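1. how would this look folded up:
(chains A and B)
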Amino acid sequence: MLKPDVKSQLKTIVGRERFLDAPEDILSYAYDAYVAECVPEAVIFPVNSEEVAHILALASKERIPVTARGAGTSLSGGAVPARQGLALCFTQMNKILQISTRDRYAIVQPGVVNGDLQKALGRERFFYPPDPASFTVSTIGGNVGENAGGPRCLKYGVTADYVMGLEVVLASGKIIRSGSRNVKDVSGYNLTSLFCGSEGTLGLVTEITLKIMPLPEAHRTILAIYDDLEKTANTVADIIGSGILPVALELMDKTVINVVEDATQLGLPREAEGMLLIEVDGITEAVEKEMNRIVAKTRNNGAIEVKQARTQAETDDLWKARRSTYSAFARLAPTCIVEDATVPVSNVPRMVGGIRAIADKHKVRIGILAHAGDGNMHPVISTDIRNKEEWARVQTATREIFELAVSLDGTLSGEHGIGLAKAEFLPLVTNADTREFMAALKKTVDPHGILNPGKFV
Amino acid sequence: MEAEEVHRCVKCGLCLVTCPVYQELREESASPRAKVQLIKHYAARDLPTSPHLSELVSRCLMCGSCTANCPSGVRHDSLFRRMRSDLIDDYGENWKKKVLYHFLTHAAQLHWASKFAAFGRNVVLEKIAQEVKIGNIPLKRLPKFNQKPFRDQIADVIEPLGKPRGRVLYFTGCGTNYIYADVGRATVQVLQRMGYRVGIPKDQVCCGLPLFIQGSVSKTKENILKNIALFTRPDIDAVIVDCATCGSALRHEYPAVLADLQTDTREALELSRKVKDIGEFIFDNVEHLQPFLKATASPTIVTYHSPCHLRNAQGVKTHVEQLLEALPPVDYIRSVDFDSCCGGGGTFFYDHPNLSQRIVAKKIENAKATGARLLATGCPGCRVNLAGNLEETDAIEVVHPIQVVELGLKV
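-> Got it, this is the predicted structure:
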């Protein structure tokens, strides 16, 4: 329980109106987009690094758990305050501090929404590549915490590949800076990548310097339809293996196609076993050439139909099925879970077949959706967490999917993070010494374990 | 309270993007997702009602943007309405709102009150009203009431000019009847010019939406049944509504509310199929308007605010913009946030004046940035809120789209 004098000290730091502890208020900070919930004891909204430093120094002294939160869209429970204490919200630290197209960087506060940054950069004909599905609402701070990805990360890389520098408040309240505005920088340990994906367990990021890129000149999109799932997956491995790098290579299986068609009546081929949505971008001439090679590959691998978009409207039409998937599954049943196991791309065919077999074996409704080009599977599971018997089958199937991924040299999460969702599976991909090393790091910077306790470390 | 659909919310957070209140406050507790969470706990009986809960649930413009964009299909609007109803049962209603509801459900008194208010607003209060605010709107910037209700100014049936094309009934709404008679006159004139015979049932009453949106469902039943009886007729082509809110009531809420009250919905559904927003109706029949439009060398720059009750509740998303673009004397320029809520939200501007003020200030700034002289919007609530928050020196005027059409008619 937060002692009254601690509450009043917290109120002194940020002011009365940026501290909430009424039961009706704290209830809304118990969750993110994962199923588990835990109600914090209070919620606090700092507006600058100094306030964050004061809050953490006090929390360390009083041993109060602190869980950082942006928009609360984590799919792994990263923002759930599992040990209660304080939910520290960065939504009011939402300024874009600087955009330099000349030196190709942007400096932002953690509460800046990814989509708002994209809009600001778009006006300069630039963009920030990581594009998690939640980009219209999720914050850069949260994206850094979970090392978020997105469809176009196949070509461009994930959040960590774009974070050049950070300001971080440690549990002690000390403020450190890592990296810089330079593309090349080997001055000491690469602390910047250490914090990417650390889920707020090592320190709280209060300023981020991001690499930005000019918008590509052209893009082209196709949709390839197959009567066989194996042929669909083989095409993926073939394209990537041949050296072509599309900006997106998305796979949808028969379950996805039919669930989406039920919901949207887009006219998708219900009898198809698999579909690939493929987009390339870059210089106009190169885009044409690459797309011709890709179309040839889809046909060689047995695509029964290839639809090519010629206009922006046609491109939007092709993307519609992919973009409607989450929504279509979310409407099927009360609980919708998107898993995130990832394998090397040459193992995509075996992984896709394996997930299908697991779904059938446990009679669980799983649609296979994947950022297939980088092996990032997104099996979408539609269920009702209140149905205990079915939920148990879902959990068994989930475990088997992780085990399968690991057996195929894969990993637990491509872009959603470990959080609460996958903490128990961490031993599948790390040995005891590795976990001990993580714990030792954690102990050094957060000796009292106040930062996002109850998660993977 | 029955709230099975709260379990449909997967907490994805996409509703935060479109919620004007969240966008302004950046506090989760202001978001639709949080309200669903609160209602879930309330329905499970582990969160009692409280004044603070009431305050949190009321921080909603009922604009319907969350419902329109929810991947899981959660009907936030009806969920929030039922929650408000339960809160009213426990905490009663603010007395000032009670007075308003009383007038809205009793047309005769409203008639009388408007006459009194016209007198009061125009003479007695003029001197002392300079600094007083109603919600976020300075009293001096509130519109004047019509000297005489619109329906008392006009015949029950207006015959078409030229070749007759059809027959419509006109639901004038309280906004036009008591405040914006200019909208009523423009509507009648344009429809008449296009060849429609316009019937205006004299005994029509308030659509009732301002009442049941706050949760006062049972009070509105009488109004609903009366309007259904007057407007459900096989011999007409359409029921024309000039107010986005009334339109959403007649089109969608009547059948839903009657179903909730376990009353026969057949006539309500029949009426629902004929209801058309004036802008939508004119655009759908724009070929009958075109011969009567004048061409002009120097068009007026016009921008548009899309009312939530038209866009989200009625699904009329593009008609009015297309109509404005089709008018030769108009140079239409879209404002960047033309489709986000103005912050008025029924009585929201009254309950949360500061928040409402912050939302509307942005809208006005963006509308002014288009360089427009006219800001068109087909909702009297939005119009009062937008016009009420302009400065004396602003060169932009808020009008109804039908008035823009009227400006384009050949003399």
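
2. just confirm B:V17 contacts B:N69, I think it does.
-> Yes: using CB atoms under 8 Å, B:V17 is in contact with B:N69, at 7.4 Å. Just so you know, the C-beta spots here come from the backbone N, C-alpha and C atoms, and that holds for glycine as well.

3. these two: which has the busier surroundings?
-> Higher neighbour count among B:V17 and B:N69: B:V17, with 19 against 16, using other CB atoms under 10 Å in any protein chain shown.

4. now that one: which helix or strand?
-> Under the criterion of DSSP states H and E, B:V17 resides in helix B:15-18.

5. for A:T67, same thing?
-> Element membership of A:T67, judged by DSSP H and E, is strand A:66-69.

6. that strand - contacts with which helices or strands?
-> Using 3 or more CB pairs under 8 Å, 6 or more residues apart in numbering or on different chains; DSSP states H and E as the contact criterion, the secondary-structure elements in contact with strand A:66-69 are helix A:49-62, strand A:86-89, helix A:140-146.

7. any idea of the mean pLDDT in the longest one?
-> It refers to helix A:49-62. Per-residue pLDDT over helix A:49-62 has a mean of 98.

8. kindly export it (C-alpha atoms) in PDB.
-> Included here for helix A:49-62 are C-alpha records, laid out as PDB according to Å, rounded to 0.1, in the frame of the first residue of the first chain:
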ATOM      1  CA  SER A  49      12.900  14.000 -17.100                       C
ATOM      2  CA  GLU A  50      13.400  15.700 -13.800                       C
ATOM      3  CA  GLU A  51      10.000  14.700 -12.600                       C
ATOM      4  CA  VAL A  52      10.700  11.200 -13.700                       C
ATOM      5  CA  ALA A  53      14.000  11.300 -11.800                       C
ATOM      6  CA  HIS A  54      12.300  12.500  -8.600                       C
ATOM      7  CA  ILE A  55       9.600   9.900  -8.900                       C
ATOM      8  CA  LEU A  56      12.100   7.000  -9.400                       C
ATOM      9  CA  ALA A  57      14.400   8.200  -6.600                       C
ATOM     10  CA  LEU A  58      11.400   8.200  -4.200                       C
ATOM     11  CA  ALA A  59      10.200   4.900  -5.500                       C
ATOM     12  CA  SER A  60      13.600   3.300  -4.900                       C
ATOM     13  CA  LYS A  61      13.700   4.700  -1.400                       C
ATOM     14  CA  GLU A  62      10.200   3.500  -0.600                       C
END
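
9. where do the domain boundaries of chain B fall?
-> According to the domain assignment given by automatic domain parsing, chain B is divided into the following structural domains: B:4-91, B:292-407.

10. burial of residue 365, as a residue count?
-> Unless you meant another one, I'm taking chain A. 16.

11. nope, chain B
-> Number of residues near B:E365 (other CB under 10 Å) recorded here: 11.

12. which element is it on?
-> With secondary structure defined by DSSP H and E, B:E365 is part of helix B:353-369.

13. now check that helix, is it near chain A?
-> No: using CB under 8 Å from any CB of the partner chain as the criterion, no contacts between helix B:353-369 and chain A are found, and the smallest distance is 12.0 Å.

14. give me the buried stretch members for that helix, please.
-> In terms of neighbour count (16 or more other CB atoms under 10 Å in any protein chain shown), helix B:353-369 has its buried residues at B:355-357, B:359-360, B:362-364, B:366-368.

15. for stretch A:38-58, measure first residue to last.
-> Distance across stretch A:38-58, first residue to last, is 22 Å (CA to CA, to the nearest Å).

16. wondering if that stretch reaches chain B at all.
-> Yes: where contact is defined by CB under 8 Å from any CB, part of stretch A:38-58 touches chain B, namely A:F45.

17. and chain A, which of its residues are near chain B?
-> Residues of chain A lying close to chain B (CB under 8 Å from any CB) are A:20, A:22-25, A:27-34, A:45, A:69, A:71-73, A:89, A:91-92, A:94, A:111, A:115, A:134, A:136-138, A:326-327, A:330-331, A:334-336, A:384, A:386.

18. coming back round to it: could I get the domains of chain B in a markdown table, plus columns for mean pLDDT?
-> Output for these, formatted as a markdown table (pLDDT from 0 to 100):
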| stretch | mean pLDDT |
| --- | --- |
| domain B:4-91 | 91 |
| domain B:292-407 | 92 |
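
19. distance to B:C174 added to these, as a markdown table?
-> As requested, these are arranged in a markdown table below (distance: least, CB to CB, whole Å):
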| stretch | distance to B:C174 |
| --- | --- |
| domain B:4-91 | 17 |
| domain B:292-407 | 8 |
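
20. for A:S407, find the nearest of these.
-> domain B:4-91 (30.0 Å; CB to CB).

21. span of that closest one from start to end?
-> 24 Å.

22. now that domain: how far from the chain's centre is it?
-> Taking the mean of its C-alpha atoms, domain B:4-91 sits 21 Å from the chain's own mean (CA atoms, centre = their mean, to the nearest Å).

23. are it and chain A in contact anywhere?
-> Yes: part of domain B:4-91 sits close enough to chain A to count as contact by CB under 8 Å from any CB, namely B:7-8, B:10-14, B:16-17, B:26-29, B:31, B:33-34, B:37-38, B:41, B:47, B:50, B:52-53, B:56, B:71-73.

24. could you pick out the buried ones from these?
-> Of all these considered here, the ones buried according to neighbour count by 16+ other CB under 10 Å are B:7-8, B:10-14, B:16-17, B:26-29, B:31, B:33-34, B:37-38, B:41, B:47, B:50, B:53, B:56, B:71-72.

25. could I get the strand holding A:T67 in CSV with only the CA atoms?
-> Extracted as CSV, the C-alpha positions of strand A:66-69 are listed here (Å, rounded to 0.1, in the frame of the first residue of the first chain):
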residue,chain,number,x,y,z
VAL,A,66,6.9,1.5,-11.1
THR,A,67,5.5,0.3,-14.5
ALA,A,68,5.9,2.6,-17.4
ARG,A,69,3.0,3.0,-19.8
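
26. one step back: can I get the helix holding B:V17 in CSV, CA atoms only?
-> Listed in CSV are the C-alpha atoms of helix B:15-18, where the atom choice follows Å, rounded to 0.1, in the frame of the first residue of the first chain:
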residue,chain,number,x,y,z
CYS,B,15,-10.6,3.8,-30.0
LEU,B,16,-8.1,6.2,-28.4
VAL,B,17,-7.2,7.4,-31.9
THR,B,18,-10.6,8.7,-32.8
